[in-house]
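S.K.: With the input below, show me the fold.
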Amino acid sequence: MDVFYNKKKTIYVIKESAILFESKNYKECDFIISIISKKINMIERIIKRDNLNENQIIDRLKNQISNKKRKKKSNFIIQNDLSTYHLQQEADRIHQLLKTLIIT
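M.R.: A predicted model of the protein is given here:
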């Protein structure tokens, strides 16, 4: 019996890191996509996700570069203060751009 496998070629890999720049791991990346949010929104989301208090979160955020600096070092920016539909649209847009940049 012959078995046929659909071999898909990976065109890019996404690496998630809150401290990408601080850890110098950005040097391994061809493109940087930053998802930016207002500080209050970040704090609210982290409280829900990690069950931390506001002071703990603020201390963690102090160890990260500012959104202003992050934007300057990034190739693509997604603003994460809108709907999940908006996030999906932006992710799709960037995916199409990356496919064009990488394949050509």
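S.K.: contacting residues around Arg70?
M.R.: Arg70 sits next to 21, 34, 36 when contact means CB atoms under 8 Å, 6 or more residues apart in numbering. Bear in mind the C-beta positions are built from the backbone N, C-alpha and C, glycine included.
S.K.: whoops, Ile33 was the one
M.R.: Taking CB under 8 Å, 6+ apart as the criterion, Ile33 is in contact with 14, 74-78, 94.
S.K.: Farthest-apart pair in these, please.
M.R.: Farthest pair in these (CB to CB) is Ile14 and Ile77. Separation: 15.2 Å.
S.K.: Who has more neighbours out of those two?
M.R.: Ile77 (16 against 10; other CB atoms under 10 Å).
S.K.: that older thread, which ones among the contacts of Arg70 map onto strands?
M.R.: 34, 36 (DSSP state E).
S.K.: Relative to Asn63, which of the contacts of Arg70 is nearest.
M.R.: Of the contacts of Arg70, the one sitting nearest to Asn63 (CB to CB) turns out to be Phe21, at 11.1 Å.
S.K.: my read: that closest one touches Ile65, true?
M.R.: Yes - shown here, Phe21 and Ile65 form a contact pair, counting by CB atoms under 8 Å, at 5.2 Å.
S.K.: any common contacting residues for the two?
M.R.: Lys73.
S.K.: list the helices and strands the lengthiest helix in the chain packs on?
M.R.: Counting by DSSP state H, the longest helix found in the chain is helix 84-103. Packing partners of helix 84-103 (3 or more CB pairs under 8 Å, 6 or more residues apart in numbering; DSSP states H and E): strand 76-79.
S.K.: partners of the strand it packs on in the sheet?
M.R.: Counting by DSSP bridges, the strands paired with strand 76-79 are strand 33-36 (parallel).
S.K.: If you average the pLDDT over the partner strand, what comes out?
M.R.: Across strand 33-36, the average pLDDT comes to 93.
S.K.: what does stretch 86-104 give?
M.R.: 88.
S.K.: quick one: that stretch to chain centroid distance?
M.R.: Centre-to-centre, stretch 86-104 and its host chain are 13 Å apart (CA atoms, centre = their mean, to the nearest Å).
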